[in-house]
Every structure is written in C-alpha cells, then in structure tokens.
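A.B. asks: requesting a structural model of the entry that follows:
(one chain, ligands or ions: 1)
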Amino acid sequence: TNQQLAQAEQELAQQLEQDDQGGFVSLVGAGPGDAGLLTLKGLQEIQQADVVLYDALVSKDVLELVRRDADLVFVGKRGKGEQTSQQKINQLLVQYAQQGKRVVRLKGGDPFVFGRGGEELETLKAENIPFAVVPGITAGIGATAYAGIPLTHRDYAQSAIFVTGHRKDQAEQLEWQSLARSQQTLVIYMGTIKAKDIADKLIQFGRAATTPVAIISQGTQLSQQTLIGELQQLAELSEQVPTPALIVIGEVVQLHHQLAWFGEQKQAQKAPHFTIDNLRISQVA
Ligand code: SAH
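C.D. replies: Alright, predicted model coming up:
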C-alpha cells in the first residue's frame, strides 16, 4: 500500500542519514610507485575522500590523483627515522571518522602485506567504525614484474615466499631450513640492512653461495635500478642502491638478463603510459 511504501522510504532516508554521520575508512593500497598500478577502485576512493592519511612509500604520482580539496595528512617517516607512531595513526583514523569524514588510509603496495593494515583495522573495529579494504599491487609483484623477474617458472621455482628482513622482536627466528631450499624464490622486504645476515644464514643452511640474487631499488618508478649478483655478494649489492629496495633470491633472477624491459629497451617507450588525462573518471554520487 501507499502507506507502507511511504514508511519504507522514510526508514531508508533515516538509515542514509545515520550512515552519513558515521564516517568511513577505506584502507587503500597505492601500489609500488607507478600510478598506473593503482586499482580503479583505489582511484575512486581517493577521488571521493575528505581526508587522506598517507605513508612515505606512497608515490607523488599517486598523490597527484587525490581529490584536490581533500586534506592530505602525511603520517610517514619525517627526516631521519622519526616516525609517526602507530598509536598516533590509529588515533587520527578514529578521530577523522568520528567527525563523519570519508577517510582514506593510503599505503604503499598492498596494505595487508607488511603494511600493518590489520593492526589499523583492529582499532577501527574496536571503535565500531565501518571500513573497507582495497588491495594494491605489492612491491614483490610490481617491482619483480618491472625488473623482468617472474616469481615462478616451471624450470626454476615452484613456489615464492614473501618474507620480512625486519622483525618486531629480533629474537624471533625465521625458518632458515625451509627458506634455504632450492627451486623456490625468496622475496625479502625490508631486508637490505640485514643483507649480510640473511646471506650468511641461507648459505649456512644449504643454499648455494652462487644462487642468483637481485636488488630492485625504487621498483616501477622511473628511478628503478636492478642489480644482479650472487648470494655471497648480497651485502655489497645492498649498499649500492637507494631505498626502498627489495631483495629477490633464486634461480628465476637470471631471467632478468633476457626479460628486463622497463627503461631498458627502446620498445619500452611503447608500453602504455598512464596519465590521468587518458582515463575518464565518472562522478560517483
Ligand atoms: N605494503 C608494502 C610493503 C611495506 S614494507 C607493499 O606491499 O609493497 C616496506 C618494504 O617494501 C621496503 O623496505 C622494500 O623492501 C619494499 N618496497 C616497497 N616499495 C618498493 C618499491 N617501489 N621498490 C622496491 N621495494 C619496495
């Protein structure tokens, strides 16, 4: 009946109003640098945001895509190692959301891969703030692709492992025995400072000292550099390039010599280059 319809409409309107007041946080992965690697959904989120809290790892090109009148809040490293504490970031997310804002928490790569995304969501959950997660291309996928290093290959690696060189508690031990196995690719995040340790341990546990390794610095950005060597040279190689840098260990690394394409070949210029001008963004109400 008309009356029921009117009532339903009213309830819906009330619901919408409540939702509007509540604020919302979207945890968005920005990818490893090249803005073309941001997902369409991520782009939509940063175009709709009232406020964007971003890390040092988010590239300038991605920040360019944020809605012009959104507040950009830097919560990464300031100068020499001083960092916004995780507690402070959590607090800011809650505060902005409670003001009813549409908040984007923008992180380099993927927010759930060594990005503390889980910890931030736990805080939001505890405060009853609704959220969504938009995955991003993690450095281990993006930087290796741009360096022409397939993570798996039927002849060289049946598995790939993503591991961090930096652990909350240094006493925590990695499973060196299994990490040292051949026929698998190791992708090590935050590992360059610990490169010597890592190489020593892997060799000690049986990985050949001559296993090919790559250091990919500033992957997918125009400044990308890839250094190739052997496991026993990992420490020297690591010192030669700026951060952020990723370590890749395994037989697949040798494919770089044939498959490197980004910035290394004339044809690379033919690869579609992303600009905001050739992407049409429809307005989402
Ligand atoms: N959430 C991020 C990782 C954060 S940890 C992701 O999914 O990519 C930070 C580490 O990621 C750095 O120490 C480095 O090892 C790696 N990293 C991030 N961006 C990178 C890039 N553009 N090139 C190479 N390594 C990168």
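A.B. asks: pLDDT score assigned to the closest residue to D50 other than its chain neighbours?
C.D. replies: Counting by Cβ to Cβ, 6 or more residues apart in numbering, K101 is the residue found nearest to D50 once chain neighbours are left out, at 4.2 Å. (Each C-beta comes from the backbone N, C-alpha and C, glycine too.) pLDDT recorded at K101 is 97.
A.B. asks: residues contacting K101?
C.D. replies: When contacts are counted by Cβ atoms under 8 Å, 6 or more residues apart in numbering, K101 touches 23, 50-51.
A.B. asks: from the residues you listed, which is closest to the ligand?
C.D. replies: Nearest to the ligand out of these is V51 (Cβ to the nearest ligand atom; 20.6 Å).
A.B. asks: does that closest one touch V73 like I think?
C.D. replies: Yes: between V51 and V73 there is a contact under Cβ atoms under 8 Å: 6.3 Å.
A.B. asks: looking at these two, which is more packed in?
C.D. replies: Per other Cβ atoms under 10 Å, whichever of V51 and V73 has more neighbours is V51, with 22 against 16.
A.B. asks: give me every residue that touches that one.
C.D. replies: Contacts of V51 (Cβ under 8 Å, 6+ apart): 70-73, 96, 101-104.
A.B. asks: distance of it relative to P135?
C.D. replies: Per Cβ to Cβ, to the nearest Å, V51 is found 21 Å from P135.
A.B. asks: D110 now?
C.D. replies: For D110, the distance to P135 - Cβ to Cβ - is 5 Å.
A.B. asks: overlap in contacts of these two?
C.D. replies: Common neighbours of D110 and P135 (Cβ under 8 Å, 6+ apart) are G29.
A.B. asks: looking at those two, which one has more neighbours?
C.D. replies: Higher neighbour count among D110 and P135: D110, with 25 against 18, using other Cβ under 10 Å.
A.B. asks: thought L234 was touching I247?
C.D. replies: Yes: using Cβ under 8 Å, L234 is in contact with I247, at 6.9 Å.
A.B. asks: out of these two, which sits in the more crowded spot?
C.D. replies: A side-by-side neighbour count of L234 and I247, using other Cβ under 10 Å, places L234 first with 28 against 24.
A.B. asks: how near is that one to V52?
C.D. replies: 36 Å.
A.B. asks: what touches both of L234 and I247?
C.D. replies: Common contacts of L234 and I247, defined by Cβ under 8 Å, 6+ apart, comprise 195, 198, 213, 215.
A.B. asks: all strands of the stretch 101-250 of the chain, in order?
C.D. replies: With DSSP state E, counting those that start in this stretch as the criterion, the stretch 101-250 of the chain has strands at 102-107, 131-134, 159-164, 184-189, 212-217, 225-230, 245-249.
A.B. asks: now the ones you listed in CSV, with distance to the ligand?
C.D. replies: What follows is these, written out as CSV (distance: least, Cβ to the nearest ligand atom, whole Å):
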stretch, distance to the ligand
strand 102-107, 6
strand 131-134, 12
strand 159-164, 7
strand 184-189, 4
strand 212-217, 5
strand 225-230, 10
strand 245-249, 4
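A.B. asks: nearest to Q44, out of the ones you listed?
C.D. replies: Nearest to Q44, of all those, is strand 131-134, at 8.7 Å by Cβ to Cβ.
A.B. asks: can I get that closest one as PDB, trimmed to CA atoms?
C.D. replies: Coordinates of the C-alpha atoms in strand 131-134 are reproduced here as PDB (Å, rounded to 0.1, in the frame of the first residue of the first chain):
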ATOM      1  CA  PHE A 131      35.700   0.200   6.800                       C
ATOM      2  CA  ALA A 132      36.700  -1.400   3.500                       C
ATOM      3  CA  VAL A 133      40.000  -2.600   2.100                       C
ATOM      4  CA  VAL A 134      41.200  -2.000  -1.400                       C
END
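A.B. asks: could I get the buried residue list for it?
C.D. replies: 131, 133-134 (16 or more other Cβ atoms under 10 Å).
A.B. asks: contact partners for the nearest residue to Q47 once chain neighbours are set aside?
C.D. replies: Leaving aside its sequence neighbours, Q47 sits nearest to R67 (Cβ to Cβ, 6+ apart; 5.2 Å). Going by Cβ under 8 Å, 6+ apart, R67 touches 46-49.
A.B. asks: and I198, what does it touch?
C.D. replies: So I198 contacts 165, 188, 191, 234, 247 (Cβ under 8 Å, 6+ apart).
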